[in-house]
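**Student:** compute the structure for the input listed below.
(2 chains)
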Amino acid sequence: MIVAFAVAPVVLVTMLIGLRGVAAMRTTSDFLVASRRVSPLLNSAAVSGEYLSAASFLGVAGLVVKDGIGSLWYPVGFTAGYIAMLVLVAAPMRRSGALTVPDFAEARLGSAALRRLAAVVVLVIGALYLVPQFRTAGLVLSVVTETPYWVGVVLAGVVVSATLALGGMRAATYVQAFQFVFKLVLFIIPAVWLLIQVGPQVRSEAVQPAEFTHFRDDTTVTFRVGATLDVPHGTEILEDGSARPEGGAGHGVRELDPGAWEVPPGTTVTFAEGTRVPEVRGEAVPGADGWQRPLLDFHDAGFPLLGTWAVLIATMLGTMGLPHVIMRFHTSPDGRAARRTAAFTVALLSVFYLFPGIYGVLGRVLVPHLYLTGATDSAVVALPAQVDDGTTGTVFTGLLTAGAFAAFLATSLGLLLVVSGAISHDLVPGGLRQLRFAVLGAAAVVVLLALPAAGFDAGTLVTWGFTVAASTFCPLLVLGIWWRRLTAAGALAGVAAGLVSTVGSFLVSVAGPELHGWVAILVAQPAPWSVPVAFLTMVVVSRMGRPAPWATAAMLRLHLHEHRQSPFPARHQSDTAARDLGHSSWPARRSSAVRRMTRRLGR
Amino acid sequence: MTGRRVAVTSPQTRLAHARRRYRGPWRPTTLDPAEMPRAIALYRAGRRRAVTALAALGTLILGLPLALRLLPGLDDVRVAGVPVSWAAIVLVPFPAMVVLAFWHLRRAERIEQQLYREPPDGTEESGTSGASGAAGGTRDAGDGGRG
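**Tutor:** The predicted structure follows:
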């Protein structure tokens, strides 16, 4: 019921605006010109709206519950990325006229092979970023409505691909901007309400971390994914027929056999009030020693500084390579506005990211049992029901679900479009119909990938997406914009080295042997070494070759601002018209990448 | 004679259409030699400022975890019940990053304005910069409309 009330309006409004966008915008140039006149403030709200994904809305608070206060470094990295973007990329990228990184690669270095490789990287980043979005959507829907996990994932896939097929992304910037305000309000108001409503007892517990050892109330836990629990002595569960049949019973309460317990998927267990909490094998207990440390110590390996830095480097440098974010910057009228957009985005994100910590510390007190099932990502939507089991709690659950769904929708729409654009524009060129099929195909693949991913953290997968972007597109963009000796061969080698090292490292950490200590951290979070490797490869290979004769001009053009005065004395009218003042090449050459792209997407 | 209309295209165009790829040949970027000095000056000034801004960002982002690592005592110091080290992750980086962003934005815009007013030596300027700049702006917008 809650879902009907909460999610339906979000979907409906998005679809309606999408339809209206199709009706209002007849030609591609309409669309482009409208987009190019977007003011920095509005555009930065749109950038933030697209950027705040389910991982930000739900994931950060969930990670705080599970891993500790140190998880609050994730949003710091997410925001710092926009400063790196502002300093290094925003204005030159807009001035290059390239919509996407593959476009930029071709415009700056003139290599079709590099363009294709960049498109492959877009696919990898898109998959790593989209799977956790779909997973979280499925998880939240299953927590709120008690449906199986796969129903939520499939529903999410259907909604996103249907909206895109109807043309939802053409609904221009103000939809995203509206969604940012929507998300901000839906995040802040429940946070304040929760803080007031929980009372002084919970508030003081929230800042005095204690290990989660005993259940506060009778707690029902649904294992959607199987888990292995270490059951201590004295854990009691309430009998209601669905639990394990054997074992002694008394007054409907029975004690679990101590030792390892393989919980099959789909089990529902109600733990009795006040009994000991089983431990999940291989996970730290919320509130355990080290939880309150403000650093990210993965698997308690004893290298908190390394773990924190790895995440910060990946998120900070990865932001500038995220394909859906770069696309948004292009809606600014010029490079200067793009730069302002980046600066405003830092401010808007900073406001939003003040709040995930509140959900995190409250979630540690009120819903720590979520860690048993690995569903800590749903902590935010599970909180209101713990505080108020009446109508108010239901309403706030609905509001937060709506916000989470809006976050999921905004990010997924942008990413899915970029991914299908990379397929049907850069890899296998074709028309609009093919683009539509690419959307459906990409959505189907992502749904299939998300189905077995229920056990993965949204935070881990998203960080991997950032790591790939940081080790491939970050060196490509930074050196492409600031180093004139970059060659196409060097860029190809660097991007390939970054892609291979990061993806290989993820595969080792998922399927490889068990690792310990700092090696495990560097394999699971490869950014501290893969980013330098990519930069070095790019520099060394470029040094071995010679840049093209026009390379210096191509780089310097990115730094000239658009509305500059012509260095030539004004002559008569026809001549000034022939020589475009803003651009030293003639207008037909300008933003060729933009026109090419929109011709594909728009008709 | 029959009244039937037949599209007549050059074989090359037909070939291009058959490929269903409307991509023009890629052309290298050009830069007017007269604009080169200004472009180089902008590039150098921008690079210098970018390095300082990134150094500040790096110090903040990598230095704060280091400080929290070296001062574990901050976990036990509490202000209004909240451990100082918790507040430090949220209340220090975000305001500092906002300040850094707007500081850099102002500097970056200032170098563009400065070079706009006083061009680097080697270029001869004529005409008032304001009028010419406005003309450039409108022409740019008009071009966008055509594209």
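**Student:** which strand or helix spans the residue nearest to residue A:515 when sequence neighbours are not counted?
**Tutor:** Distances taken as Cβ to Cβ, 6 or more residues apart in numbering or on different chains place residue A:523 nearest to residue A:515, at 5.8 Å, with adjacent residues excluded. Placement of C-beta: from N, CA and C, glycine included. Using DSSP states H and E, residue A:523 sits within helix A:517-524.
**Student:** need the next SSE after that helix, C-terminal direction.
**Tutor:** Using DSSP H and E, the next helix or strand after helix A:517-524 towards the C-terminus is helix A:527-544.
**Student:** show the subsequent helix or strand relative to that following helix.
**Tutor:** Sequence-wise, the next helix or strand downstream of helix A:527-544 (DSSP H and E) is helix A:551-557.
**Student:** against which helices or strands is that next one packed?
**Tutor:** helix A:101-109, helix A:458-482, helix B:36-70 (3 or more Cβ pairs under 8 Å, 6 or more residues apart in numbering or on different chains; DSSP states H and E).
**Student:** go through the helix or strand containing residue A:505 and flag the buried ones.
**Tutor:** Assigned by DSSP H and E, residue A:505 falls within helix A:488-511. Neighbour-count burial for helix A:488-511 flags A:488-499, A:501-503, A:505-506, A:509 (criterion: 16 or more other Cβ atoms under 10 Å in any protein chain shown).
**Student:** any part of that helix near chain B?
**Tutor:** No: using Cβ under 8 Å from any Cβ of the partner chain, we find that helix A:488-511 stays clear of chain B, coming within 11.6 Å at best.
**Student:** so for that helix, mean pLDDT?
**Tutor:** Throughout helix A:488-511, pLDDT has a mean value of 91.
**Student:** also stretch B:33-53?
**Tutor:** Rounded mean pLDDT across stretch B:33-53 is 85.
**Student:** is there proximity between that stretch and chain A?
**Tutor:** Yes: using Cβ under 8 Å from any Cβ, stretch B:33-53 comes into contact with chain A via B:34-36, B:38-40, B:42-43, B:46-47, B:49-50, B:53.
**Student:** which residues belonging to that stretch are considered buried?
**Tutor:** In terms of neighbour count (16+ other Cβ under 10 Å), stretch B:33-53 has its buried residues at B:35-39, B:41-43, B:45-46, B:49-50, B:53.
**Student:** wait, the residue nearest to residue A:515 sits on residue A:507?
**Tutor:** No: look at residue A:523 against residue A:507 with Cβ atoms under 8 Å: they stay out of range, at 9.8 Å.
**Student:** not counting its neighbours along the chain, what's nearest residue A:126?
**Tutor:** Excluding the flanking residues, the one nearest residue A:126 by Cβ to Cβ, 6+ apart is residue A:419, at 3.8 Å.
**Student:** what is the burial count for that neighbour?
**Tutor:** Using other Cβ atoms under 10 Å in any protein chain shown, residue A:419 has 28 other residues around it.
**Student:** residue A:296 too?
**Tutor:** If we define neighbours as other Cβ under 10 Å, then residue A:296 has 27 of them.
**Student:** remind me which helix or strand it belongs to.
**Tutor:** Using DSSP H and E, residue A:296 sits in no helix or strand.
**Student:** what sits against it?
**Tutor:** By Cβ atoms under 8 Å, 6 or more residues apart in numbering or on different chains, the contact list for residue A:296 reads A:67-68, A:70-71, A:73, A:304, A:307-308, A:311.
**Student:** quick check, nearest of those to chain B?
**Tutor:** Among the contacts of residue A:296, residue A:308 lies closest to chain B (Cβ to the nearest Cβ), at 4.4 Å.
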